[in-house]
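>>> below is the structure, and that's it, no one-letter string:
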């Protein structure tokens, strides 16, 4: 997945003051393209659903263009060597997400979600700017590893004291806005894991007793990590949110593997995950239902059935899209009903943009993740490398779990499609993730510059 | 660490490949299965996503489409719903379609391939094919006259143009408003439940879908058979039939309402509607001959479409002589729809040629361009023109000095036959009054209209005269309106 790009500096370029092309011009051009694509999408939705260009198309364009310019300026000034793909992909995905949510708003009058999503996106961009401008060196973060771990724990515990929403106790409601602290927690946990493993990775890899082909690290090294993991998973089981708990566990295993290079961790993790999944599927009727849905998505549509379930409706939507899609605003993914703008947002993309659009989205996510891994490979400090791997893995796992879920590849677990899905906490967190990746890739590519 | 990071990126690449492959599976290879799943509402949504084409009567739409802004967006509306319900039928989001709405659904819903010459282009641009329109043969004045004349009674009228087969009127009462069945709300289900459980059966199309014993109106067919098969050569000669007539092989004696029926000529027997004469004539013609003539007029044909299906009318295929005698006067198992009896009158009026009855004059696309035009087609030639002309004179006699006097129209030549059909156990049911007839302008040769009227629950006596009394005035109004065309 590592592209043929420039971790090794080519000798000359247009922008060669430091020996490595900065590629800010490419970024600006891509940003322009991203804004144009989103604006066209927004207009297409208006034309298809209302027969007219949406009245606020101009302010939408101005807003998105402003965001693009502002973030670009911040990157140009403060992270000039950053990977030029990161920011345009984030803007494009966020803009497309807004288009899709706005499109679904047309089908569900009375439940407007796009304005709120816009507020959250703005907040996310603000945090992006804050991180890019204020965080000059990512290594500062490793000093706050334990603070991050503690904060993650607190964020995970807080929602227990708030009422459950749709069966999951993961929400905090405040002043009309609700958000999921768990979304921020995964970011903090990535920082904590990275710092902790960077410091103790060697011990994990090369000490301790051997058990069969696994080499178990000594308890004093492993205990805090396992404790954090146990607590977070325990809290999540209490909060009835399988998706986030799978994400945390996956993140933990991936970072452990990255740090130690021992395939044994992956095997152990997979075994534990399988055991856990089987146990939960047996004990938890909700999860069991999800597995049954996955095995027989069309069961409800047969004679005597309860009608098509959400997954069946989602598959109908994807199938209706076919190769080229129905066109924005011309599909009927609103039939999915509940969670069509959040968990199932990809079905709208699949129906209205078709396989072509869906493949494009997958490629965008793949590029985003690849940028993270590329930074990880080029960075020289352990903490930075692990953090980049962690952040890229958060995105990759999320995309795979939810996209695989709504297309019937794996049992469905509720999770937000990064940047696309409705959900304030998610979009804010994703902007911070991209900001950190910008910072990390800037350092990675700047380090490749021969210092004088 | 570099090695493990590379392995992880390879793993992520694998995951994206899996996602993509799965998307291809669903969106390309299995798409058809999902698209055609009956639980998938998209085809229904598409069907109601654009206005339904109109049904036109006399060039004016009697239907419409209302934008409900619901998921099943356009809802059918009807102008003069009860008047045209036996023609249009209903088009309901919940209960499907019937009659013309069903038979012409392809054009009305826009799925008919003839509607769109640039089909491939429209599929590429994803523009839905706009619906076409159906122009009926119904004459609004004739339809309205029939509906008004039947008002308050239970019955049906079918009127056709004998020379072409165009159906001019199709009325069934009591009727209903099909507009109450279109739409998505609970009111529709309520209306459906109310209409389908109503003992007066307002949704039954009595002109097409209900068969009645035709009673004495069937004597026209028996007379035709007797003339065609040479049993009677001179309609003015006395027939060798005493009154009452003992049914062959039984002791049952068939009586007449009139004292003048004994040995009456064919002319007098038809004018007075003598049961004895026609029962005996039927027996003398014999079952094969009677069957052949009845079939020629359209009986025992289950394939008739106008294009909505018409209930088959029946003449018994296996009858003993006594049953044949009763069948020949339109009793026993003989059963006919009003449209069938209008066809009998039409064939006689059209000099022995029975035209295929049809309801759709032409189909047009959204721009009004004709995409299909119905041409008159000969269905059968049940009798020779000479026989037909004798029958015409006999039927005119029924109006001039027989049971059908109520149907006389100034300036026109009108032929008719009345009937009262008994039914129920031991004929205890309230009889059905029948009236069939045809009319032409006095100075013209070609007939203008043939009509059949049936009224359930005849008002007065169980005599043939009631057919004339109940059905005659209705038939007269219908023919009067048709002659003004």
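Alright, I've got the coordinates. Please read all numbers here as calculations on a predicted model, not as lab measurements.

>>> what packs against the host helix or strand of residue A:426?
Secondary structure assignment for residue A:426, by DSSP states H and E: helix A:424-447. Counting contacts by 3 or more C-beta pairs under 8 Å, 6 or more residues apart in numbering or on different chains; DSSP states H and E, helix A:424-447 packs against helix A:86-107, helix A:114-134, strand A:177-179, helix A:181-206, helix A:345-378, helix A:382-406. Every C-beta, even on glycine, is put in place using the N, C-alpha and C of the backbone.

>>> so which elements touch the first one?
Applying 3+ C-beta pairs under 8 Å, 6+ apart, one finds that helix A:86-107 contacts helix A:24-50, helix A:57-78, helix A:114-134, helix A:345-378, helix A:424-447.

>>> including mean pLDDT and mean neighbour count, could these go into CSV?
Formatted as CSV, the helices and strands packed on helix A:86-107 follow (pLDDT from 0 to 100; neighbours: other C-beta atoms under 10 Å in any protein chain shown):
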stretch, mean pLDDT, mean neighbour count
helix A:24-50, 93, 18
helix A:57-78, 92, 18
helix A:114-134, 93, 18
helix A:345-378, 95, 24
helix A:424-447, 93, 25
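
>>> would you list those in JSON lines and tack on distance to residue B:436?
Below are those laid out as JSON lines (distance: least, C-beta to C-beta, whole Å):
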{"stretch": "helix A:24-50", "distance to residue B:436": "57"}
{"stretch": "helix A:57-78", "distance to residue B:436": "69"}
{"stretch": "helix A:114-134", "distance to residue B:436": "69"}
{"stretch": "helix A:345-378", "distance to residue B:436": "59"}
{"stretch": "helix A:424-447", "distance to residue B:436": "78"}
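
>>> ok, residue B:447 touching residue B:437?
No. The criterion here is C-beta atoms under 8 Å, and residue B:447 misses it with residue B:437 at 10.3 Å.

>>> quick check: the closest residue in space to residue A:182 that isn't next to it in sequence vs chain B, distance?
Of all residues beyond its chain neighbours, the one nearest residue A:182 is residue A:244 (4.8 Å), with distances taken as C-beta to C-beta, 6 or more residues apart in numbering or on different chains. Separation of residue A:244 from chain B (C-beta to the nearest C-beta, to the nearest Å): 19 Å.

>>> before we move on, the earlier item: so for residue B:447 and residue B:437, which sits in the more crowded spot?
residue B:437 (33 against 23; other C-beta atoms under 10 Å in any protein chain shown).

>>> residue A:195 is nearest to which of the helices and strands packed on helix A:86-107?
Proximity to residue A:195, assessed across the helices and strands packed on helix A:86-107 by C-beta to C-beta, is greatest for helix A:424-447 (13.3 Å).

>>> ranges for the strands of the stretch 251-400 of chain B?
B:253-254, B:354-355, B:360-364, B:370-373, B:378-380 (DSSP state E, counting those that start in this stretch).

>>> does any part of the helix ranked longest in chain B sit near chain A?
Using DSSP state H to define each element, chain B has its longest helix at helix B:2-24. Yes. Counting by C-beta under 8 Å from any C-beta of the partner chain, chain A is contacted by helix B:2-24 at B:2-6, B:8-10, B:12-13, B:15-16, B:18-20, B:22-24.

>>> for whatever helix or strand comes next after that helix, packing partners?
Downstream of helix B:2-24, the first helix or strand assigned by DSSP H and E is helix B:31-35. Applying 3+ C-beta pairs under 8 Å, 6+ apart, one finds that helix B:31-35 makes contact with helix A:310-321.

>>> for the helix it packs on, packing partners?
Contacts defined by 3+ C-beta pairs under 8 Å, 6+ apart place helix A:310-321 against helix A:285-295, helix A:345-378, helix B:31-35.

>>> once you drop chain neighbours, what's closest to the residue in the stretch 301-450 of chain B positioned nearest to chain A?
Closest residue of the stretch 301-450 of chain B to chain A, C-beta to the nearest C-beta: residue B:366 (18.5 Å). Nearest-residue entry for residue B:366: residue B:130, 3.8 Å, with adjacent residues in sequence omitted and distances by C-beta to C-beta, 6+ apart.

>>> how deep is the one you found tucked in, by neighbour count?
15.

>>> helix or strand right after the helix or strand bottoming out on mean pLDDT in chain B?
None of the helices or strands of chain B scores lower by mean pLDDT, DSSP states H and E than helix B:464-466, at a mean of 46. Downstream of helix B:464-466, the next assigned helix or strand under DSSP H and E is helix B:472-483.

>>> just the pLDDT for residue 185.
No chain in the question, so chain A it is. As predicted, residue A:185 sits at a pLDDT of 89.

>>> wait, chain B was what I had in mind.
79.

>>> how many neighbours does it have?
Residue B:185: 12 neighbours (other C-beta under 10 Å).

>>> and it, how far is that from residue B:109?
21 Å (C-beta to C-beta, to the nearest Å).

>>> and the contacts of the longest helix of chain B?
Under the contact criterion C-beta atoms under 8 Å, 6 or more residues apart in numbering or on different chains, helix B:2-24 has outside partners A:1-2, A:254, A:257-261, A:318, A:350, A:355, A:358-359, A:362-363, A:365-366, A:369-370, A:373, A:376-377, A:385, A:389, A:392-393, A:396, A:399-400, A:403-404, A:407-409.

>>> how about stretch A:290-308?
Contacts for stretch A:290-308 (C-beta under 8 Å, 6+ apart): A:281, A:309-312, A:315-316, A:408, A:410-413, B:37-40.

>>> among those, which one lies nearest to residue B:411?
residue B:38 (59.5 Å).

>>> and that closest one, how far from residue A:251?
Distance from residue B:38 to residue A:251, by C-beta to C-beta: 43 Å.

>>> higher neighbour count, these two?
The neighbour comparison of residue B:38 against residue A:251 (other C-beta under 10 Å) goes to residue A:251, with 23 against 11.

>>> check contacts around that one.
A:186, A:189-190, A:193, A:390, A:393-394, A:397.

>>> out of those residues, which touch chain B?
Answer for the contacts of residue A:251 near chain B (C-beta under 8 Å from any C-beta): residue A:393.

>>> format the contacts of residue A:251 as TSV; extra columns: distance to residue A:69 and neighbour count.
Formatted as TSV, the contacts of residue A:251 follow (distance: C-beta to C-beta, whole Å; neighbours: other C-beta atoms under 10 Å in any protein chain shown):
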residue	distance to residue A:69	neighbour count
A:186	30	23
A:189	33	28
A:190	29	28
A:193	35	29
A:390	30	27
A:393	31	27
A:394	27	26
A:397	32	23
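
>>> quick one: which two of the contacts of residue A:251 are the most distant?
A:193 and A:397 (13.6 Å).

>>> wait, what's in contact with the residue of the stretch 301-450 of chain B closest to chain A?
Contacts of residue B:366 (C-beta under 8 Å, 6+ apart): B:53, B:115, B:130-133.

>>> rerun at 7 Å
B:130-132 (C-beta atoms under 7 Å, 6 or more residues apart in numbering or on different chains).

>>> can I get the residues you listed in TSV including secondary structure?
What follows is those, written out as TSV (DSSP: H, G, I helix; E, B strand; the rest coil):
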residue	secondary structure
B:130	coil
B:131	coil
B:132	coil
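
>>> from those residues, which has minimum pLDDT?
Lowest confidence among the contacts of residue B:366: residue B:130, with 84.

>>> that one against residue B:109, yeah?
No. Residue B:130 lies out of contact with residue B:109 (C-beta atoms under 7 Å); the separation is 10.6 Å.

>>> OK, contacts around residue A:432?
Residue A:432 sits next to A:127-128, A:131, A:187 when contact means C-beta under 7 Å, 6+ apart.

>>> closest to chain B out of those?
residue A:187 (18.7 Å).

>>> in chain A, what helix or strand scores lowest on average pLDDT?
Taking mean pLDDT, DSSP H and E as the measure, chain A has strand A:214-215 as its least confident helix or strand, at a mean of 60.
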